[in-house]
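1. Build me a model from this:
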Amino acid sequence: MPQKLSAMRYIKNNRRRIAVLIVSLALCFVAIYLTQFLLSSTEETSRSLLVDNMRKIQFISLAGSSLGIDVEHLSDEEINAEYEEKIDALAQRLGAYDGVKKVYYAPVLYVDFQLIVGSVGIEIPLLPGEELPAMLEYFDAELSDGRLPESPGEIVLDSASMKNNGYQIGDYINEQDYGRKYRVVGILRCRSYFGCGIPVDGWTWNQQLVVLSEIDDLSAVLREEGVVVRENYDTVADYVNGEKVLKEEVTEVIGGSVKIVYIGISVLLLISLTLVYMVYLRDRHNEWCLYCSIGFSRKELYLSILRELLFVFASGLLLGGVVIVVSVIVLKYSLLEPQGLRCRFFYPQTLSEIVCLYGFLFGVLQIPVRWGLFRIRTIDVMDDELY
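-> Numbers count the residues shown, from 1 in each chain. Reported below is the predicted structural model:
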């Protein structure tokens, strides 16, 4: 009675071939997961900037016509006067809503934040100096270095934004846009991407309603106040709008990019792995013929090959998992955190997609295996070519 075929015996005697297959599968795992990890850092950081921040602070920019001002028949001076009157009245009405802590009509400065893919702007409200301590308290922000703004044209920024832009205390921000008007004088320690400062005297550019509230949909509140927000004229940066922008401009774009990479890697791996495995099976054809000739059945051969494949795929997943754990930790602390970017380690959907891919590849490889076993005859065909 022949002994049971041992898959591990062949694996031990063919370490180099098995190692190539294992490494190929592991690299596929690593490439797909790290692509998701790096691109998703853009989504995680954008979520904090576009959504999480908007649960504390919102920005409203309205055109004069949206406030009912006859911009076609009034002079610029009359338009400006009526606009300020109406915007002040709107600010007072908004301040009376539940959940609204304070409403300012103030200039807003933008600081660029570079992501792995693209960039986004951080809104920096410019307020009177006496308002800044209350603003920092509202954001649970503490001064970690430098000092608070004391004079017009000074701002403070959170540490992540400072890292991302390579700023140091004393640097001027966005010099090409603002003519060296705003200088960083302090660094904040806080969970949010945040900054604030004092406007330059006479600065009237980009004034907006700055609302400190927990209201998710300010557009709905504005409609109650008789202001219809028009997409091409007005801007309301709140939680609802942030979710919309995040989905349309970040999540869907990144999801599409990851899918392209995933499909590309899958196709290349499928082709290369199938070709390599076909050569691998061809080299073993004589061995199988010999086993059949001494009494082993095709079923026993097939089960032995399945055990080999299971070992290869399980080892590929294990090796890939180890490499990924090390890689994401190294990338976080050497690449992402020094740039002020945020990330998360665990992506269950990506892991499930990788497992499905492995299952698909495992199934595809059954085709050359079954074909090779079908070609087995007896000892007299051991020298025949499989293909």
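2. Please make it C-alpha for all contacts and neighbour counts, starting now.
-> OK.
3. where in the stretch 201-350 of the chain is pLDDT low?
-> The stretch 201-350 of the chain contains residues with pLDDT under 70 at 204, 280-281, 283-288, 290-291, 293-296.
4. For the helix or strand where residue 272 lies, buried residues please.
-> Using DSSP states H and E, residue 272 sits within helix 252-283. Neighbour-count burial for helix 252-283, counted by 16 or more other C-alpha atoms under 10 Å, picks out 254, 258, 262, 265-266, 269-270, 273-274, 277-278, 281-282.
5. In a markdown table: these, plus distance to residue 371.
-> Below are those laid out as a markdown table (distance: C-alpha to C-alpha, whole Å):
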| residue | distance to residue 371 |
| --- | --- |
| 254 | 41 |
| 258 | 35 |
| 262 | 29 |
| 265 | 26 |
| 266 | 23 |
| 269 | 21 |
| 270 | 17 |
| 273 | 16 |
| 274 | 13 |
| 277 | 12 |
| 278 | 10 |
| 281 | 10 |
| 282 | 11 |
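6. Name the pair among these with the greatest separation in space.
-> Taking C-alpha to C-alpha as the measure, the buried residues of helix 252-283 span a maximum distance of 41.6 Å, between 254 and 282.
7. right, and residue 108 touches residue 126 too?
-> Yes. With contact defined as C-alpha atoms under 8 Å, residue 108 reaches residue 126; the gap is 5.8 Å.
8. Between the two, which has more neighbouring residues?
-> The neighbour comparison of residue 108 against residue 126 (other C-alpha atoms under 10 Å) goes to residue 126, with 27 against 23.
9. for the nearest residue to residue 205 once chain neighbours are set aside, phi and psi?
-> In this structure, residue 205 finds its nearest non-sequential neighbour in residue 107, 6.4 Å apart by C-alpha to C-alpha, 6 or more residues apart in numbering. Per-residue torsions, residue 107: phi -70, psi 150 (degrees, to the nearest 10).
10. Residue 107 against residue 123, yeah?
-> No. If you go by C-alpha under 8 Å, residue 107 and residue 123 don't touch, sitting 9.9 Å apart.
11. Quick check: pLDDT value at the residue lying closest to residue 147 once chain neighbours are set aside.
-> Distances taken as C-alpha to C-alpha, 6+ apart put residue 186 closest to residue 147, at 4.8 Å, once the chain neighbours are dropped. For residue 186, the pLDDT comes out at 95.
12. List the contacts of residue 186.
-> Shown in contact with residue 186 (C-alpha atoms under 8 Å, 6 or more residues apart in numbering): 143, 144, 145, 146, 147, 148, 149, 155, 156, 157, 169.
13. Work out the gap between the helix holding residue 272 and the centre of the chain.
-> Offset of helix 252-283 from its chain centre (C-alpha atoms, centre = their mean, to the nearest Å): 23 Å.
14. Show the residue spans covered by the helices in the stretch 201-350 of the chain.
-> Using DSSP state H, counting those that start in this stretch, the helices assigned to the stretch 201-350 of the chain run over residues 218-224, 239-245, 252-283, 285-293, 298-331, 348-364.
15. what about stretch 134-153, how long is it end to end?
-> Criterion C-alpha to C-alpha, to the nearest Å; first-to-last residue distance in stretch 134-153 is 19 Å.
16. Report the buried residues of that stretch.
-> Buried-residue list, stretch 134-153, by 16+ other C-alpha under 10 Å: 135, 136, 139, 141, 143, 148, 149, 152, 153.
17. who's in contact with that stretch?
-> Under the criterion C-alpha under 8 Å, 6+ apart, residues 56, 129, 155-156, 169, 181-183, 185-192, 197-201 lie in contact with stretch 134-153.
18. Check the average confidence over that stretch, would you?
-> Across stretch 134-153, pLDDT averages out at 92.
19. shift numbering so it begins at 3
-> Taking 3 as the first residue, the last one we looked at is stretch 136-155.
20. how long is stretch 341-355 end to end?
-> End-to-end span of stretch 341-355 (C-alpha to C-alpha): 29 Å.
21. List of residues touching it?
-> With C-alpha under 8 Å, 6+ apart, stretch 341-355 has contacts from 35, 38-39, 42-44, 46-47, 117, 161-167, 330, 334, 338.
22. same thing but at 6 Å, please
-> Stretch 341-355 is contacted from outside by 43, 46, 47, 162, 165, 166, using C-alpha atoms under 6 Å, 6 or more residues apart in numbering.
23. Who wins on neighbours among the residues you listed?
-> For the contacts of stretch 341-355, the largest neighbour count, defined by other C-alpha under 10 Å, is 24 neighbours, found at residue 162.
24. So for it, what's the pLDDT?
-> pLDDT at residue 162 comes out at 92.
25. Equivalent analysis for residue 388, please.
-> 40.
26. Give me the phi and psi for the closest residue to residue 184 other than its chain neighbours.
-> Nearest residue to residue 184, sequence neighbours excluded (C-alpha to C-alpha, 6+ apart): residue 155, at 4.5 Å. Dihedral pair for residue 155: phi 90, psi 10, per degrees, to the nearest 10.
27. Now the terminal residues of stretch 199-213, how far apart.
-> Stretch 199-213 has an end-to-end distance of 16 Å (C-alpha to C-alpha).
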